[in-house]
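*Asks:* Sharing a model that was predicted from the sequence below.
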Amino acid sequence: MNPLNLPRPAWMTEELVLLEDQADRFLKSEFTPHVDKWHEDKILPREVWTKAGQAGLLCAMIPEEYGGAGGTFAHETVINRAYSLAGMDAFGAPLHSGIVAPYILRFGTEEQKKRWLPKLASGEMVGAIAMSEPGAGSDLQNIRTTAVRKGNRYLLNGSKTFITNGQHADLIVVVAKTDPKERAKGVSLMVVEAADAPGFRRGRKLKKLGLDSADTSELFFEDVSLPAENLLGLEEGQGFVQLMKELPQERMIVAYHAVAMMERAVALTVDYVKQRQAFGKKIIEFQNTQFELAACKTEATVAKVFCDECIARSLKGELDNATAAMAKYWSTDALAKVADRCLQLFGGYGFMDEYPISRIYRDARVMRIYAGTNEIMKLLIARSL
């Protein structure tokens with residue numbers, strides 16, 4: 001599936017090409033045939049995680065000494081693109097592998113890395129990060145969840161919402177206030193092992209506009225007693241800094257996901273209009289169809305070329321916050337336009353849930369909201385002027 005006809009980016013090595021082929025074959029064999037059923041069930045089964053781990057598709061950039069594949073962010077990008085092209089938009093693996101595991105790798109102690117990373121890489125544990133609260137989304141300095149030190153333990157109290165992987169998560173990185181009197185300086189990251197956390201409770205699997213099989217959930221923490229070593233890192237008050245350091249990578253994960261969704265939308269639509277007929281000729285033969293698809297291909301191509309450049313900068317350690325924000329904002333806005341145009345070309349069938357373009361249209365909407373709303377992306381970009 002390559003409707004954009006672009007050459008491979010310079011960072012795409014032969015090893016990454018082989019990984020792309022491996023991931024594509026595995027997903028088409030093991031996951032794609034079941035996507036429709038998982039969509040109907042409105043949840044992915046837990047064994048998807050262990051299968052992905054066995055196939056080497058989790059935690060690709062975690063060093064081998066901690067159970068990962070020892071790759072780079074390029075490896076994660078290739079795998080994440082494969083998930084999307086396979087229709088696995090609702091699978092929370094990009095967050096698990098590209099956000100949760102790196103927090104532990106970059107900020108955790110040696111004991112924490114050895115304790116948790118191998119289980120995340122194998123799929124034995126599913127990772128989640130609990131940031132958003134009913135009264136605090138992007139404004140993380142004003143969260144109300146607290147982790148109060150009591151001797152050699154912490155008491156964790158609070159509630160979180162919109163948590164990806166919430167129903168399956170075994171390891172949850174919770175954003176909490178260890179000093180409620182402070183704003184950013186009072187934020188710490190606490191790690192909760194769900195199987196050994198009395199007082200931890202999963203709430204509803206939330207009903208959403210899209211991503212139906214994603215187990216987005218509410219989580220509740222009521223006097224959850226955590227050992228002091230479950231503070232991520234060695235010092236309290238480092239949570240906000242830790243979060244900010246990882247945001248550019250998180251936003252590139254979303255941006256590249258949006259690009260892959262555009263690729264899939266264009267490919268599905270081109271295939272449909274070449275087969276469907278109206279007024280005695282194929283829909284592709286109408287000039288309006290050609291113009292609309294030309295616009296879609298252009299939007300997707302511009303986004304992919306820009307995102308490929310951002311990935312290259314990221315691999316060199318040169319990707320700044322403002323540029324990552326541009327990629328996230330531009331790509332997800334472009335996805336919304338492309339999905340809308342493509343659905344229109346399907347006519348009435350595009351409105352039917354059984355057609356993948358309908359799901360792409362719905363699933364695309366949240367991309368402009370999570371990982372920081374596009375309005376916040378514009379604020380970040382404006383600060384760089």
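*Replies:* On my side now, so go ahead. Worth saying up front: this structure is predicted, and the values here are computed from it rather than measured.
*Asks:* Every contact and neighbour count from this point should use C-alpha atoms.
*Replies:* Will do.
*Asks:* Pop out the phi and psi values for the nearest residue to E76 once chain neighbours are set aside.
*Replies:* Nearest-residue entry for E76: A60, 5.9 Å, with adjacent residues in sequence omitted and distances by CA to CA, 6 or more residues apart in numbering. Recorded main-chain torsions at A60 are phi -60, psi -30, according to degrees, to the nearest 10.
*Asks:* could you list every residue that touches A60?
*Replies:* By CA atoms under 8 Å, 6 or more residues apart in numbering, the contact set of A60 is 68-72, 75-76, 97, 121.
*Asks:* Closest one to V266 out of those residues, please.
*Replies:* The shortest gap between V266 and any of the contacts of A60 belongs to E76, at 23.3 Å (CA to CA).
*Asks:* Touching, that closest one and G98? I think so.
*Replies:* Yes: under the contact definition of CA atoms under 8 Å, E76 touches G98, with a separation of 6.8 Å.
*Asks:* any idea how far the residue nearest to E76 lies from G98?
*Replies:* For A60, the distance to G98 under the criterion CA to CA, to the nearest Å works out to 9 Å.
*Asks:* overlap in contacts of the two?
*Replies:* Among the neighbours of A60, those also in contact with G98 (CA under 8 Å, 6+ apart) are E76.
*Asks:* follow-up on the earlier one: check what pLDDT the residue nearest to E76 gets.
*Replies:* According to the predicted model, the pLDDT of A60 comes to 97.
*Asks:* Then P118?
*Replies:* The pLDDT attached to P118 in the predicted structure is 98.
*Asks:* what's the helix or strand for it?
*Replies:* Under the criterion of DSSP states H and E, P118 resides in helix 110-122.
*Asks:* ok, now W11?
*Replies:* Counting by DSSP H and E, no helix or strand carries W11.
*Asks:* Check V254 too.
*Replies:* Assigning secondary structure by DSSP H and E places V254 in helix 239-275.
*Asks:* can you pull the buried residues of that helix?
*Replies:* Applying a neighbour-count criterion of 16 or more other CA atoms under 10 Å, the buried positions in helix 239-275 are 239-240, 242-243, 246-270, 272-273.
*Asks:* now what about the helix or strand of the chain with the lowest mean pLDDT, what contacts it?
*Replies:* The weakest-scoring helix or strand in the chain, judged by mean pLDDT, DSSP states H and E, is strand 277-278 (a mean of 91). Contacts with strand 277-278, where a contact means CA under 8 Å, 6+ apart, come from I283.
*Asks:* Following the chain past it, name the next helix or strand.
*Replies:* Counting by DSSP H and E, the next helix or strand C-terminal to strand 277-278 is strand 281-282.
*Asks:* as a whole number, average confidence for that following strand?
*Replies:* The predicted model gives strand 281-282 an average pLDDT of 96.
*Asks:* Can you pull the phi/psi pair for S188?
*Replies:* Reported as degrees, to the nearest 10, the phi and psi values for S188 are phi -130, psi 160.
*Asks:* Can you show me the helices along the stretch 1-150 of the chain?
*Replies:* Residue ranges of the helices in the stretch 1-150 of the chain, as given by DSSP state H, counting those that start in this stretch, are 14-30, 35-41, 47-54, 73-85, 93-95, 101-107, 110-122.
*Asks:* Switch the ones you listed over to TSV; also include mean neighbour count.
*Replies:* Formatted as TSV, the entries for those read as follows, by neighbours: other CA atoms under 10 Å:
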stretch	mean neighbour count
helix 14-30	15
helix 35-41	15
helix 47-54	18
helix 73-85	23
helix 93-95	24
helix 101-107	20
helix 110-122	20
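*Asks:* Return the residues in contact with G67.
*Replies:* Taking CA under 8 Å, 6+ apart as the contact definition, G67 lies against 117-119, 121-122.
*Asks:* Please identify the nearest residue in space to M352, excluding sequence neighbours.
*Replies:* Beyond its immediate neighbours in the sequence, the residue positioned closest to M352 (CA to CA, 6+ apart) is S358, lying 6.3 Å away.
*Asks:* Next: I381.
*Replies:* Computed as CA to CA, 6+ apart, the closest residue to I381 that is not its neighbour in sequence is A322, at 4.8 Å.
*Asks:* Assign a three-state SS to that neighbour, would you?
*Replies:* What DSSP: H, G, I helix; E, B strand; the rest coil gives for A322 is helix.
*Asks:* tally of neighbours for the nearest residue to M61 once chain neighbours are set aside?
*Replies:* The spatial neighbour of M61 that comes closest, neighbours along the chain excluded (CA to CA, 6+ apart), is G71 at 4.1 Å. Here the neighbour count serves as a burial measure; for G71 (other CA atoms under 10 Å) it reads 15.
*Asks:* Now do G71, the pLDDT please.
*Replies:* Per-residue confidence at G71 stands at 97 (pLDDT).
*Asks:* what's near enough to touch it?
*Replies:* Neighbours of G71 in contact, by CA under 8 Å, 6+ apart: 60-63.
*Asks:* Which single one of those residues is nearest to L85?
*Replies:* The shortest approach to L85 among the contacts of G71 belongs to A60, at 18.3 Å (CA to CA).
*Asks:* What ranges does the stretch 51-200 of the chain have for its strands?
*Replies:* Along the stretch 51-200 of the chain, the stretches classed as strands by DSSP state E, counting those that start in this stretch are 127-130, 146-150, 153-163, 171-177, 187-193, 200-205.
*Asks:* could those go into JSON lines alongside distance to T373?
*Replies:* Listed next are the strands of the stretch 51-200 of the chain as JSON lines, based on distance: least, CA to CA, whole Å:
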{"stretch": "strand 127-130", "distance to T373": "17"}
{"stretch": "strand 146-150", "distance to T373": "25"}
{"stretch": "strand 153-163", "distance to T373": "14"}
{"stretch": "strand 171-177", "distance to T373": "19"}
{"stretch": "strand 187-193", "distance to T373": "21"}
{"stretch": "strand 200-205", "distance to T373": "22"}
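*Asks:* sorry, back to before: tell me which of the helices of the stretch 1-150 of the chain approaches L293 most closely.
*Replies:* Ranking those by proximity to L293 (CA to CA) places helix 73-85 first, at 18.6 Å.
*Asks:* Before I go, just wanted to say thanks for your time.
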